[in-house]
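> Predicted model and sequence below, questions to follow.
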Amino acid sequence: MGRLEQDQELRAALRATAGRKRREMYGLGVYVRGLIEFSNICKQNCMYCGIRSSNRRAQRYRLHPDEILECCKEGYELGYRTFVLQSGEDDWYTTDMLVSLIMEIKRKCPDAAVTLSIGERDNECYTRLFQAGADRFLLRHETASASLYQSLHPTMTFDNRRDRLRALKEIGYQVGAGFMVGLPGQSLEDLAEDLLYLQELDPDMIGIGPFIPHEGTPLRHEPAGSLETTLDMIALTRLIIPGALIPATTAMGTAHPYGRELALQAGANVVMPNLSPVAVRPKYTLYNGKICTGDESAQCRFCLELRIREAGFDMDMGRGDSLKRINRSTHPHV
Ligand code: SAH
C-alpha cells in the first residue's frame, strides 16, 4: 500500500476517533453563535488580513452601538443565545461605550451570553467589560511559532499576545484561542507547537481555520492552507482538549462547499452564522471568497440548521457554555 493511502486511512481513523470523543463529551448537539461584525476599521496591519490598516481598497464601516443592539434583538428573536461581537481593533469604541452596549444587550437579552472578539486592549478595559457582563472573549494566538508570529504581525508582539490571553483567563472570561493552518512559511513542527501551546493554555474555545489569501494583502499570491491538514488539526485538538468548544469556521466553509460539515464530523461542535446587517457583510472581508455575505440573518439560521441536520447532528440553541463552567455561575459580578 502506498504512503498516501496509508495516510488516508490514518486520517479517517483520526477523524472518526475525534468524532467519537466529541459525542462522548457533547453528544450530537451543535451550538450556534450569532456573529456580528461591527467594524472593519483596524489599527493593526497583519500580513494575511484583508482589513489590515494599509489595505487602502477596503471599504471601511463601523456600526453604531444602537445598530449592534438591533442585530442582537433580531438574533434573540431568531432564538440565538450567544452573540459574538467581532471587529478590527477600532479605538473609536471606548471602554465606556462598550460597557454601556454590553449592559444594554444583557438587559434586553438576559439569558444570552456575550462574546467579544475585538483584539488587544489593556487589563483595565478587559476587566470593565467583564464586569459589565461580557462572558467570553475570542483572541486567537494565530500561531505558536514566535518567529512566524513576528513576521506576520508587524504592529504586534508575540509576548504581548500570550500575555493578553493569560490576562483574559485570569479576569474570568471563557477564553478562546486558535490558529490558522497553512500560513506561508508554517511547518508541521509549527503546527505541533500550536497544539502544545493549546494544551498549556487550556482554553474554553478553540478556533482553527485554513489561511486563505486576500487580494489586498502582501500574501495575495500565496497558496491557501490545506483543508485536509486543517481537519487533522481540528481532530487532534478535540483529542488533546476533549471539553473544548470548537467551531466549524466560516473559513472552512469557504475552503470547501462542505468544509463546515467535514469539521463537525472531525470533532467540531459550534457554528457561527452571520447576524451582521446585509449591507456591511461584503465589506468584512478577511480573505477572498468569504461565504454567506448575501443572506439575510434568518436565511443563514435556517440554511445552517438544514446543513447541520443533513450532516447527522442537532442544532442546539442554548447558551452552550464551556463544559468547565456548566456547574458554576459564569458571572459572579452580576
Ligand atoms: N481583530 C480581532 C478579530 C480578528 S478577525 C482579533 O484580533 O482578535 C478573526 C480571525 O480571522 C483572526 O483571528 C484570524 O485568525 C482570522 N483571519 C484573518 N485573516 C485571515 C485569512 N486571510 N485567512 C484565514 N483566516 C484569517
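That came in fine, so what should we check first?
> who in the stretch 151-300 of the chain is up against the ligand?
Proximity of the stretch 151-300 of the chain to the ligand is confined to Met180, Gly209, Phe211, Ile212, His214, Ala251, Leu286, Tyr287 under the rule C-beta under 6 Å from any ligand atom. Just so you know, the C-beta spots here come from the backbone N, C-alpha and C atoms, and that holds for glycine as well.
> Widest-spaced pair of those?
Farthest-apart pair in these is Gly209 and His214; separation 13.4 Å (C-beta to C-beta).
> returning to what we had before: of the residues of the stretch 151-300 of the chain next to the ligand, which is the nearest to Arg301?
Ala251 (19.9 Å).
> Okay, and the beta partners of the residue nearest to the closest one when sequence neighbours are not counted?
Leaving out its chain neighbours, the residue that sits closest to Ala251 by C-beta to C-beta, 6 or more residues apart in numbering is Gly209, at 3.2 Å. Note on Gly209: beta-bridge partners by DSSP bridges are Met180.
> what's the neighbour count on Gly209?
Counted by other C-beta atoms under 10 Å, the residues lying close to Gly209 total 28.
> Isn't it up against Thr230?
Yes. Between Gly209 and Thr230 there is a contact under C-beta atoms under 8 Å: 6.6 Å.
> who touches both of the two?
Residues touching both Gly209 and Thr230 (C-beta atoms under 8 Å, 6 or more residues apart in numbering) are Val181, Met252, Ala255.
> Roughly how far does the first one sit from Leu152?
By that I understand Val181. Applying C-beta to C-beta, to the nearest Å, the value for Val181 to Leu152 is 14 Å.
> More neighbours: which of these two?
Neighbour count, other C-beta under 10 Å: between Val181 and Leu152, Val181 has more, with 26 against 23.
> In the stretch 101-250 of the chain, mark out all the strands, start to finish.
Using DSSP state E, counting those that start in this stretch, the strands of the stretch 101-250 of the chain run over residues 113-117, 136-138, 174-181, 205-210.
> now what about the last one, what contacts it?
The set of residues external to strand 205-210 that reach it, using C-beta under 8 Å, 6+ apart, is 136, 138, 140, 174-182, 198, 224-227, 229-230, 233-234, 237, 241, 244-247, 249-252, 255, 270, 322.
> Among those, name the buried ones.
Neighbour-count burial (16 or more other C-beta atoms under 10 Å) applied to the contacts of strand 205-210 gives 136, 138, 140, 174-182, 198, 224-225, 227, 229-230, 233-234, 237, 241, 244-247, 249-252, 255, 270, 322.
> quick one on the thing from earlier: in CSV, list the residues of the stretch 151-300 of the chain next to the ligand along with pLDDT.
Below are these laid out as CSV (pLDDT from 0 to 100):
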residue, pLDDT
Met180, 98
Gly209, 98
Phe211, 98
Ile212, 98
His214, 98
Ala251, 96
Leu286, 95
Tyr287, 94
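> need those residues in TSV with distance to Tyr93, can you?
As requested, those are exported to TSV (distance: C-beta to C-beta, whole Å):
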residue	distance to Tyr93
Met180	25
Gly209	25
Phe211	28
Ile212	27
His214	24
Ala251	25
Leu286	19
Tyr287	24
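> Just the ones of these in helices?
Ala251 (DSSP state H).
> nearest to Gln299, of the residues of the stretch 151-300 of the chain next to the ligand?
Closest approach between these and Gln299, by C-beta to C-beta: Ala251, at 20.3 Å.
> hang on, isn't that closest one packed against Tyr287?
Yes. Between Ala251 and Tyr287 there is a contact under C-beta under 8 Å: 6.7 Å.
> Spit out the residues that contact the two alike.
Ile212.
> Grab the nearest non-local neighbour of Tyr173.
Phe137 (4.4 Å).
> and the one you found, how far is that from Glu215?
Phe137 sits at a distance of 30 Å from Glu215 (criterion: C-beta to C-beta).
> Would you mind confirming that Asp194 makes contact with Leu148?
No. Applying C-beta under 8 Å as the test, Asp194 and Leu148 come out as separate, 10.3 Å apart.
> between those two, which one's more packed in?
Ranked by neighbour count (other C-beta under 10 Å), Asp194 and Leu148 place Asp194 first, with 25 against 19.
> Find the nearest non-adjacent residue to Val178, please.
Let me fix one detail, which is that residue 178 is Gly and not Val. The shortest distance from Gly178 to any non-neighbouring residue, by C-beta to C-beta, 6+ apart, is to Gly207 (3.4 Å).
> if I look at the one you found, how far off is Ala244?
Distance of Gly207 to Ala244, computed by C-beta to C-beta: 10 Å.
> cool, Arg136 as well?
For Arg136, the distance to Ala244 equals 13 Å [C-beta to C-beta].
> who touches both of those two?
Common contact partners of Arg136 and Ala244 (C-beta under 8 Å, 6+ apart): Asp204, Met205.
> At the geometric centre of this structure, which residue do we find?
Nearest to the mean C-alpha position of the chain, by C-alpha atoms, centre = their mean, lies Gly207 at 4.7 Å.
> Would you quantify the distance from it to Ala113?
According to C-beta to C-beta, Gly207 and Ala113 sit 16 Å apart.
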